[in-house]
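1. I'll drop the sequence and a predicted model, then ask my questions.
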Amino acid sequence: MKQENACRNMLQIIAVLFAFFSMIGVTQLPSLAAWNGLYLPLINRYWPGEPYFRSPLLITEILYDSTGYEPDSEWIELYNRGSESINLEAYKIGDSETQGDMEGMYHFPKKASIKPGQVIVIANRALNFSNEFGFPPDFEFSNTDQSVPVMEKYRFWAGGSVNLNNGGDEVLLLNQENTFLDAVSWGNSSFAFIPPISAVNEGHSLERHPADSDRNHSMDWRDQINPDPGKVDLIPPTPIPTNPPDPPQPSCKNAPLLISEVMSDPANVGEPEGEWFEIFNWGDATLNLECARLGDEETSGGGEGMLSFPPGSTLPPGGVIVIANMGIEFISQYGEKPDYEVNDSDAEVQDMLKFRSWADGSVNLSNNGDEVLLLDETGSLIDVLSWGSSTFAFDPSIPKVVEGHSMETRPASQDTDSATDWIEQINPDPGYIALDPPIPPPPPTHTPTPPTMDLVINEIHADPHSDLGDANNDGDVDVNDDEFVEIVNTSPDVIDLSGWRLNDALETRHIFPPDSIIEPACGVIIFGGGEPEGDFGFSLVQVASSGLLGFNDHGDVIYLYDASTVLVASYVFGVEGGDDQSITRVPDITGEDPLKKHTTAPGSEGSLFSPGTKVDGESFSGCSD
């Protein structure tokens, strides 16, 4: 029942998010129909379960356009690249990308499994497969051979049959939680890849090469002239020496290059040694990077740094590269090598070159405010961002992020030249991009009940004043630490919040620790960070377990889930949350939506916030020392 509710609500969540972003003025979004095409990457990044791009079970070969009768001669191959056996009983495979459509989705029979390094083949009809290849498949969709186990229709998802379209279709693999583990699309279907895999000739197959490569890109696949089901090729292709004509001089003017992620304040390593940049080619052609410049010096002749790429540097369509300050520090953090490094620390990583005709200094990003620029050969901007105290690129700039967090574009292909293109990424993932817009956290695993009035979101502080915004009273004004949300218990009973979750429109921001007890007619304040000082009206005081609340000044959503992930309370605010003060109920607790700016509330006497107390600074009636 949990899975049924989750799947049934997913598209509703997408539709609600689409309306929410429209409400707060974000217009550079795909159509709602296009969102359905992004359903796979949305689920894979935000749904609980094994991430799609790191799944040990992969689709490795598909014959969809056979020389025999179709779909009888079609087949699909799977490979376990992991180190452990996988119980396949609850896994599903088919060509139905949308729950409830007329295509097919099947689950494996009981006791089905796949060992490490094992390859299995699912044929449409075992007899047709055996006649062509001289041995039976491991499973079949149609019952034609009593010795071959039969796949069973997974009618909860789709009741049709698997019949692969030669002009364009998909094959999808789901795990026991109905999370998408792997997917392939070809021809006119861009469900899994943009661009999709090109359609192959009749009698050819699509083959993953090498079989353990999974970059979530059509480049993982090749046209296999001689299909060989049951066997995989793990050897990377050997480049063929050629003598191409002299290429034209590269030009980066109007190049489809974007800065997609920046780590300016690394944790657990030195600075700037742990800093890195990520660049994405959103175009449809390979780019020669020799004409591109990257650095933090915004003025030619200034004292900061500007870099150029070494000769021969290219970036394929849809490709992503990472430039680390020092390769050895990057490896220590992420377990893999970057594509380039600024300082020579690893002989196997190519070195960036100083572009001295622009600036002779070093690239060293300031945590409190700086810029990163991507220039063409004429010095014109290709892309740029600024954060914290710097308004060079954006005004307002991207908020300063917490140490160890990165700044990431979401989606990676969006470029509205504003700070709204960027999010604070709590879990940096260099080398991987997200083409999906930010979405709310996964829906509750239980059918949501209407929010109760036992817990009231009474005050929200999303935009601390740069000078007067020390809401947590720790002596420092911080745009992240001084954010807070105040929740009041209006019931006659003690409420234990242990294990409950507080989420914004992106993800879980706070998990309430054990003994999170709120007395009747008292409240709890959750600050973004810092070390709160004072009694705060004797309300319960906590700091976000994720390191920040991350509220968007121009509009966000706050969700409160109980320990069973049932939605208990929620609130949506817009641009009124971004005026250097909190927004609050007027009067406290019983005031109707929307929340009002704190300075306008009777009794506030112009104060900007009142965490843990009523607007006038008095304690809630149930709070006591």
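-> Thanks, I have the structure now. The shown structure was predicted, so the numbers you read here are calculated from the model rather than taken from an experiment.
2. Could you pull up the contacting residues of Tyr91?
-> The contact partners of Tyr91, by CB atoms under 8 Å, 6 or more residues apart in numbering, come to Leu57, His107, Phe108, Leu173, Leu174, Asn175, Gln176, Leu181. C-betas here are computed from N, CA, C, even on glycine.
3. Any idea how many residues pack against Val342?
-> 27 (other CB atoms under 10 Å).
4. so of the contacts of Tyr91, which ones are in strands?
-> The strands, defined by DSSP state E, take in Leu57, His107, Leu173, Leu174, Leu181 from these.
5. contacting residues around Val488?
-> Leu455, Val456, Asn458, Ala521, Cys522, Gly523, Asp588, Ile589, Phe620.
6. helix/strand/coil for the residue of the chain positioned farthest from its centre?
-> Within the chain, the residue lying farthest from the chain centre (CA atoms, centre = their mean) is Asn131, at 45.3 Å. At Asn131 the chain is in helix, as set by DSSP: H, G, I helix; E, B strand; the rest coil.
7. and it, how far is that from Glu207?
-> Here the criterion is CB to CB, to the nearest Å. By it, Asn131 lies 22 Å from Glu207.
8. Ile426 now?
-> 37 Å.
9. Same question for Phe551.
-> From Phe551 to Glu207 the distance is 47 Å (CB to CB).
10. Repeat that for Glu408.
-> Distance from Glu408 to Glu207, by CB to CB: 33 Å.
11. hmm, which of the contacts of Val488 are the buried ones?
-> Leu455, Val456, Asn458, Ala521, Cys522, Gly523, Asp588, Ile589, Phe620 (16 or more other CB atoms under 10 Å).
12. Most widely separated two among the residues you listed?
-> Leu455 and Asp588 (14.1 Å; CB to CB).
13. Lowest mean pLDDT among the helices and strands of this structure, which one is it?
-> Least confident helix or strand of the chain, by mean pLDDT, DSSP states H and E, is helix 32-37 with a mean of 33.
14. Including pLDDT and secondary structure, could the contacts of Val488 go into CSV?
-> Putting the contacts of Val488 into CSV (pLDDT from 0 to 100; DSSP: H, G, I helix; E, B strand; the rest coil) gives the following:
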residue, pLDDT, secondary structure
Leu455, 93, strand
Val456, 94, strand
Asn458, 96, strand
Ala521, 94, coil
Cys522, 95, coil
Gly523, 95, strand
Asp588, 95, coil
Ile589, 93, coil
Phe620, 95, coil
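15. Just the helices from the chain, written as ranges.
-> Taking DSSP state H, the helices of the chain run over residues 2-23, 32-37, 39-46, 126-133, 327-334.
16. Lowest average pLDDT across the ones you listed?
-> Mean pLDDT is lowest for helix 32-37 among the helices of the chain, at a mean of 33.
17. For the nearest residue to Glu483 once chain neighbours are set aside, give me its contacts.
-> Spatial nearest neighbour of Glu483, excluding adjacent residues (CB to CB, 6 or more residues apart in numbering): Gly528 at 4.0 Å. The contact partners of Gly528, taken as CB under 8 Å, 6+ apart, are Asp478, Asn480, Asp481, Asp482, Glu483, Phe484, Val543, Ala544, Leu548, Leu549, Gly550.
18. now do Thr600
-> By CB under 8 Å, 6+ apart, the contact list for Thr600 reads Val586.
19. What confidence value was assigned to it?
-> 95.
20. And the one 3 residues further on, by the same measure?
-> Among the per-residue scores, Gly603 shows a pLDDT of 94.
21. for Gly574, same thing?
-> 83.
22. measure the residue nearest to it when sequence neighbours are not counted to Ile460 for me?
-> Among residues not flanking Gly574 along the chain, Gly555 sits closest, at 4.4 Å (CB to CB, 6+ apart). Per CB to CB, Gly555 is found 11 Å from Ile460.
23. list residues touching both of these two?
-> Taking CB under 8 Å, 6+ apart as the contact rule, Gly555 and Ile460 both touch Phe573, Gly577.
24. Mind checking which of those two has more residues around it?
-> Neighbour totals were compared for Gly555 and Ile460, and Ile460 leads with 25 against 22 (other CB under 10 Å).
25. Isn't the more buried one up against Leu502?
-> No. Checked against CB atoms under 8 Å, the pair Ile460 and Leu502 is beyond contact range at 11.4 Å.
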